[in-house]
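Engineer: Attaching a predicted model along with its sequence, questions to come.
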Amino acid sequence: MRDPAFWWQPAGIAQTLLAPAALCYGAIAGLRLSQRGRAAGIPVICVGNPTVGGAGKTPTALAVARLLLAAGKRPFFLTRGYGGEFAGPVLVDIATHRAVDVGDEPLLLARLAPTIVSRDRVAGAEAAQSAGADVIVMDDGFQNPSLAKDLSILVVDGRRGIGNGKVLPAGPLRAPLAGQLDHAHALLVVGQITGAEPVLAAAEARGLPVFHARLVPDPKALDALAGNKVFAFAGIGDPEKFFATLREARIDVQMRDAFPDHHPYRGADMLALMVRAEREGLVLATTEKDYVRLVGEPDAAALLDTLKVVPVTLAVNEADEFRKMVLSAADRA
């Protein structure tokens with residue numbers, strides 16, 4: 001689904017009408033946050049969002065895993081597998097599984113390290129440990145209390161911040177901000193800070209470590225697009241983040257199309273994209289997350305033949321401090 005526009009706007013009639021539902025949702029979410037989770041037996045590092053989607057959670061989880069791999073650890077990703085049919089626990093196989101099976105983010109994660117999809121996080125942690133993991137990296141699950149976390153990193157988009165600051169369904173927050181910050185160990189702000197000042201101030205008031213990061217597009221992918229007129233499309237939490245990344249890299253984006261997060265591309269979608277691109281003489285470009293969702297789809301072959309994919313990696317400004325924090329958590333008994 002698409003985020004309602006009023007989530008990212010000042011208070012209005014929609015927020016007022018939804019305030020009672022938000023109050024109930026927030027109270028329940030706050031109680032869940034205060035519950036003590038079960039210990040996994042190995043360190044658990046959780047990367048989550050205080051809001052619904054689009055902050056850079058998955059690139060952050062990948063960055064954490066790369067640090068662990070470089071230190072000689074054997075990390076396993078653990079994720080719910082949003083959008084997939086499998087309840088798990090199941091070890092993702094990128095050769096046979098499709099997004100409809102396990103979700104798109106697990107397919108992306110599994111390219112780097114073993115990935116367990118499990119709606120039951122405790123069962124998923126047990127499966128990871130049995131398969132040889134010595135540390136678990138949770139992609140999402142911060143608000144899920146079932147599993148104890150050794151390190152919880154909250155990721156916030158610098159431009160959108162926490163929107164109107166309201167809890168679902170009146171706003172994008174998954175739980176009251178104060179309660180989320182009380183259970184976080186660090187805050188990571190991705191991108192230029194133009195809308196994240198309130199959450200940044202709240203974190204600093206608590207003495208919470210604050211890190212700053214940016215998404216860096218793959219240079220080879222940019223070289224493949226250089227000199228071309230581009231039609232960019234994305235079905236992620238915040239498509240504008242992808243379009244802005246291309247613009248900042250001086251890619252000539254002539255057209256763009258935004259789909260809902262986790263959008264399941266159908267034959268009609270793919271045909272429409274190709275027809276519009278061919279008519280205007282444009283090169284199609286998308287995100288790596290959209291690409292893994294297309295792979296294996298029966299109608300995607302023609303689109304994949306011409307599609308340019310732009311992977312991104314997360315670069316943390318305070319790289320040394322961030323690495324020390326991650327490795328310290330991974331070394332805990």
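Structural biologist: Everything's here; your move.
Engineer: V309 is in contact with L284, isn't it?
Structural biologist: No. Using Cβ atoms under 8 Å, V309 is not in contact with L284; the gap is 9.8 Å. C-betas here are computed from N, CA, C, even on glycine.
Engineer: which one of these two has more residues nearby?
Structural biologist: L284 (21 against 18; other Cβ atoms under 10 Å).
Engineer: My guess is that one contacts D305. True?
Structural biologist: No. Taking Cβ under 8 Å as the definition, L284 is not a contact partner of D305, at 10.4 Å.
Engineer: Can you give me the end-to-end span of stretch 297-315?
Structural biologist: Stretch 297-315 has an end-to-end distance of 32 Å (criterion: Cα to Cα, to the nearest Å).
Engineer: State the mean pLDDT of that stretch.
Structural biologist: Mean per-residue pLDDT for stretch 297-315: 92.
Engineer: Check stretch 221-234 too.
Structural biologist: Mean pLDDT, stretch 221-234: 95.
Engineer: One more: stretch 35-47?
Structural biologist: Averaged across stretch 35-47, pLDDT comes to 93.
Engineer: got the contact list for stretch 312-328?
Structural biologist: Counting contacts by Cβ atoms under 8 Å, 6 or more residues apart in numbering, the residues outside stretch 312-328 that touch it are 45, 56, 59-60, 62-64, 67-68, 71, 151, 185-186, 188, 190, 209, 211-218, 245, 287-288.
Engineer: let's see it at 7 Å
Structural biologist: Identification of contacts with stretch 312-328 by Cβ atoms under 7 Å, 6 or more residues apart in numbering yields 45, 56, 59-60, 63-64, 67-68, 71, 151, 186, 209, 211-217, 245.
Engineer: Report the buried residues of that stretch.
Structural biologist: 312, 314, 316, 322-323, 325-326 (16 or more other Cβ atoms under 10 Å).
Engineer: got it, and stretch 274-286?
Structural biologist: Buried, per 16+ other Cβ under 10 Å, within stretch 274-286: 274, 277, 282-286.
Engineer: how about the residues you listed in TSV, adding pLDDT and distance to G171?
Structural biologist: Listed next are these as TSV, based on pLDDT from 0 to 100; distance: Cβ to Cβ, whole Å:
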residue	pLDDT	distance to G171
M274	95	37
A277	95	36
L282	96	36
V283	96	37
L284	97	34
A285	97	32
T286	96	29
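Engineer: And for the closest residue to A258 other than its chain neighbours, the neighbour number?
Structural biologist: With sequence-adjacent residues excluded and distances taken as Cβ to Cβ, 6 or more residues apart in numbering, A258 is closest to P239, at 3.8 Å. By other Cβ under 10 Å, 24 other residues sit near P239.
Engineer: Quick one: the strands in the stretch 101-250 of the chain, in order.
Structural biologist: Secondary structure of the stretch 101-250 of the chain (DSSP state E, counting those that start in this stretch): strands located at 115-117, 135-139, 151-157, 186-190, 210-217, 229-234.
Engineer: Sheet partners, orientation included, of the last one?
Structural biologist: Each strand paired with strand 229-234, and its direction, by DSSP bridges: strand 252-258 (parallel), strand 283-287 (parallel).
Engineer: ditto for the second one
Structural biologist: Paired neighbours of strand 135-139 in the sheet (DSSP bridges): strand 44-48 (parallel), strand 75-79 (parallel).
Engineer: try the longest one
Structural biologist: Strand 210-217 has its sheet partners listed here by DSSP bridges as strand 186-190 (parallel), strand 312-316 (antiparallel).
Engineer: So for E297, which of the ones you listed sits nearest?
Structural biologist: When the strands paired with strand 210-217 are compared by Cβ to Cβ, strand 312-316 sits nearest E297, at 22.6 Å.
Engineer: how about low-confidence regions in the stretch 151-300 of the chain?
Structural biologist: Along the stretch 151-300 of the chain, the model assigns pLDDT under 70 to no residue.
Engineer: just the helices in it please.
Structural biologist: Ranges of helices within the stretch 151-300 of the chain are 177-182, 197-205, 219-225, 239-248, 267-280, 288-294, based on DSSP state H, counting those that start in this stretch.
Engineer: how about the strands of the stretch 101-250 of the chain, which one is nearest D3?
Structural biologist: When the strands of the stretch 101-250 of the chain are compared by Cβ to Cβ, strand 151-157 sits nearest D3, at 11.7 Å.
Engineer: what's the angle from that closest one to strand 135-139?
Structural biologist: Orientation of strand 151-157 against strand 135-139 (axes from the mean of the first three to the mean of the last three Cα atoms, to 10 degrees) gives an angle of 30 degrees.
Engineer: Check which helices and strands strand 151-157 sits against.
Structural biologist: Strand 151-157 sits against strand 44-48, helix 57-70, strand 186-190, helix 319-330, with contacts defined as 3 or more Cβ pairs under 7 Å, 6 or more residues apart in numbering; DSSP states H and E.
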